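Peer 1: Predicted model and sequence follow; I will ask about them next.
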Amino acid sequence: MGLRVAMVLNDLNLSGGVIVALQHARGLRLSGHDVTVGVIHDEHAEVLSDWSSQIRIRSLNELADENEPFDVVVTTWWETNYVAHRIRAKSYIWFCQSMEDRFYPQSLQHVTEFRAVVECCLPVITEATWIRDQFKKWMPTLDIELARNGLDHSIFNSAGRTQNDGPLRVLIEGNSSSPFKGVSDALEAVDLCRERIEVTHITGERPTGESKVLRIGPLTLDEMSDQYRQHDVLVKTSRVEGMFGPPLEMFACGGTAIVLPVTGYDEYIVDEHNALVGRWDDPYSVARLVDRLAVDKEKLLQLQSLAEETARNWPSWEEASAEFERRLLMLYRRDQADAGRSALATTALKSLSRLATVTRGSPSAKRTGVVPNGTNTSRLPTKFQRWS
């Protein structure tokens, strides 16, 4: 018999984290569970309409008014744990996709709050080995399970990939306004290249000024896969990642990637085998790698072939969501055997929320991005610097 599940999202804006959560919500529904997605803020990206049309979407207030308790509430962002107590449930589980304190490099309060949320000891499912290991270092007794993200092989594949007899085709994706994605760093690196290359930047931002870089976007997943197939290499210089999905998508579409050793890259990237890895604080190292692939076609083809093999062997979303379901059921059953101790954690989280409201305003206030309001972005880490 399936569980009655409530999954809490901050909003339905377009992001990798939201897509992953919706993938698992859909997978749970297809496995026979009664799934409702609750959103704190009524924001809905048009490109996610097809996704959300397959899933029951309700406001947080509507979930809070439910008379019948859910079996389990799944939170999906550290601050969504603050509102979990408003939804009646037998168990509460946190689906954590990153060490989210890294998104606040200039806010000691946010970092302290995040770690306090961890210490409340909600059971956790995470998507990356490094997150699981870090949590276990902090809280050795924490009940945590690993369920890696899947790959949609029906969308991300090399069928119809175009052959390239001209300059190296370089792809960069992401908004420059997000310092964590390092997009400006990637653009700077390709600008340093000496070889002739063609660069496309996929972004949701409006172009400013003149540029030799072609800018397009935002794109649907199908449109994104088409762009992967039309390019040779993805240059991705993120400073903070969870499982680091875009290079894997590029692999599946027959390309390769140049990345930095960001958290999560080692789940599937092997330097000089299926991709190339640059150095922190060294944009010239990235430029040299791009130039290298621009002239060494044999190496490019070798990396692309092994990258595609890596992607072919990666679990589909059906397999990944089945694993997520298994881990969720394990945590739920253990919590119920322990008299539903996770519900006690929500009481502590409610108190933390009240403290946060007193000191910095409502924790559930609208987020304008991963950089919290009031952050002085001029003091963010320097280019190519990793946050730890």
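Peer 2: The structure has been received and is ready for your questions. Numbering: from 1, shown residues only.

Peer 1: In the chain, where is pLDDT below threshold?
Peer 2: 45-53, 207-211, 363-388 (pLDDT under 70).

Peer 1: Run through the strands of it in chain order.
Peer 2: Remark: strands assigned in the chain by DSSP state E are 4-9, 34-39, 56-59, 70-75, 89-96, 124-126, 144-146, 168-173, 197-202, 214-216, 233-236, 256-259, 276-277.

Peer 1: who are the neighbours of the third one, in terms of helices and strands?
Peer 2: Just to be clear, that refers to strand 56-59. strand 34-39 (3 or more Cβ pairs under 8 Å, 6 or more residues apart in numbering; DSSP states H and E). From N, CA and C alone the C-beta is placed, and that goes for glycine too.

Peer 1: Could you do the last one as well?
Peer 2: Strand 276-277 makes packing contacts with strand 256-259, helix 283-295 when contacts are defined by 3+ Cβ pairs under 8 Å, 6+ apart.

Peer 1: Most tightly packed of the ones you listed?
Peer 2: Ranked by mean neighbour count, the helices and strands packed on strand 276-277 are led by strand 256-259 with a mean of 26 (mean count of other Cβ atoms under 10 Å).

Peer 1: For that one, which outside residues touch it?
Peer 2: Strand 256-259 has contacts (Cβ atoms under 8 Å, 6 or more residues apart in numbering) with 232-238, 244, 246-247, 250-251, 265, 269, 274-278, 286, 289-290, 293, 300, 303-304, 307.

Peer 1: strand partners of it, parallel vs antiparallel please.
Peer 2: strand 233-236 (parallel), strand 276-277 (parallel) (DSSP bridges).

Peer 1: can the ones you listed go into JSON lines with extra columns for distance to Trp317 and mean neighbour count?
Peer 2: Below are those laid out as JSON lines (distance: least, Cβ to Cβ, whole Å; neighbours: other Cβ atoms under 10 Å):
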{"stretch": "strand 233-236", "distance to Trp317": "20", "mean neighbour count": "27"}
{"stretch": "strand 276-277", "distance to Trp317": "27", "mean neighbour count": "22"}
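
Peer 1: To Asn149, which of these lies closest?
Peer 2: strand 233-236 (15.8 Å; Cβ to Cβ).

Peer 1: Including distance to Glu325, could the helices and strands packed on strand 276-277 go into JSON lines?
Peer 2: Listed next are the helices and strands packed on strand 276-277 as JSON lines, based on distance: least, Cβ to Cβ, whole Å:
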{"stretch": "strand 256-259", "distance to Glu325": "30"}
{"stretch": "helix 283-295", "distance to Glu325": "39"}
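
Peer 1: Go ahead and confirm Ile269 touches Gly278.
Peer 2: No. Counting by Cβ atoms under 8 Å, Ile269 does not reach Gly278; the two are 11.8 Å apart.

Peer 1: doesn't Val190 make contact with Asp291?
Peer 2: No. Asp291 is beyond contact range of Val190, at 9.8 Å (criterion: Cβ under 8 Å).
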